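**Q** Structure, please.
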Amino acid sequence: MNTIKQVFENNHKNNKGCLIGYITAGDPTPELTPKIANALIRGGVDILELGLPFSDPIADGPTIQAANIRALKAKTTPPKVLKIAQKIKTKHNTPIIIMTYYNPIFHIGLDKFISTAKTHNVNGLIIPDLPIEEASHFKKTATTYNMDTIFLAAPSTSKNRLNKIINETSGFLYLISHYGTTGTKTTLEDSTIKLVQQVKTITDKKIPLAVGFGISQPEHIQKIIKAGADAAIVGSAFINIIQKNTNNSVTCMLNELEATAKALKTAITLESTTYT
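**A** Next up, the predicted model:
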């Protein structure tokens, strides 16, 4: 099974960055999510992020909030999300990350959730509302099961705290590109480019740097990769395609998802870098 680290290393050997695709599991139905994942992976997604539907996704904008609502209405539960991950892994060696807020993990139980995720071939976890200051037990449990714990850094993160996050994160560092919530943007702000450049000086040769929030077009990816990012995280752009094709044929939806992933993937090139 490919690990997140292996995917980054392999892409660097080929002078390419990584495309990380986010979708909300169960949107529009749990049965369709594996087909959506297949289309994105065929299109070039290197790492797949599955969002576990939650009623109060505070870090997400209207697009992903709506996807959460659709998935919850379709009766998507945490066990179903893990089964979806396992089904995807029967066809693909692509690493899968579960993005979830801490509340579902708390109700299920930390050890039970992570151990079950491991048996369903999940490679990593992102918990947006779990700060590193409160994550020691979580990190220890995840490490026990060889599960990557991916932490987030924001534009407001101080250099001192950023170093602490880098020391704790594994797989990659998730850099939030701008203030606010997720969602597509038509332009990439100059402040985002400067942020990527600044953070890269700290992460270089330590941990891959992945940039998300508002990344939705090939030119966005070209700019952040040129600035030093090792990966682009795209979510709302894919979910918008799912939403607009809800009443159309599944084939139309899947074809557009695959084509969009291909267009985004072609935008990724970077200079070779190795990590210690």
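
**Q** Could you check how many residues crowd around Glu189?
**A** For Glu189, the count of nearby residues is 13 (other Cβ atoms under 10 Å). Yep, even glycine has a C-beta here, placed from its N, CA and C like the rest.

**Q** actually Lys75, not the one I typed
**A** Neighbour tally, Lys75, other Cβ under 10 Å: 11.

**Q** likewise Gly171?
**A** 25.

**Q** from what I can see it touches Gly124, true?
**A** Yes. Gly171 is in contact with Gly124 according to Cβ atoms under 8 Å; the separation is 4.9 Å.

**Q** what is in contact with these two at once?
**A** Listed as contacting both Gly171 and Gly124 by Cβ atoms under 8 Å, 6 or more residues apart in numbering are 4, 97, 148-150.

**Q** Out of those, which end up buried?
**A** Taking 16 or more other Cβ atoms under 10 Å as the criterion, what is buried in the shared contacts of Gly171 and Gly124 is 4, 97, 148-150.

**Q** Make TSV from the residues you listed and add secondary structure, pLDDT and distance to Ile241 to it.
**A** Below are those laid out as TSV (DSSP: H, G, I helix; E, B strand; the rest coil; pLDDT from 0 to 100; distance: Cβ to Cβ, whole Å):
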residue	secondary structure	pLDDT	distance to Ile241
Ile4	helix	97	25
Ile97	strand	98	20
Asp148	strand	97	28
Thr149	strand	97	30
Ile150	strand	98	25
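
**Q** In CSV: those, plus distance to Leu257.
**A** Compiled in CSV, these are given as follows (distance: Cβ to Cβ, whole Å):
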residue, distance to Leu257
Ile4, 22
Ile97, 18
Asp148, 25
Thr149, 28
Ile150, 23
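
**Q** closest to Asn68 among the residues you listed?
**A** Set against Asn68, the nearest of those by Cβ to Cβ is Ile97 (16.8 Å).

**Q** That closest one and Glu49 touch, don't they?
**A** Yes. At 4.7 Å, Ile97 counts as touching Glu49 under the criterion of Cβ under 8 Å.

**Q** okay, and the common contacts of the two?
**A** Contacts common to Ile97 and Glu49, judged by Cβ under 8 Å, 6+ apart, are 20, 126.
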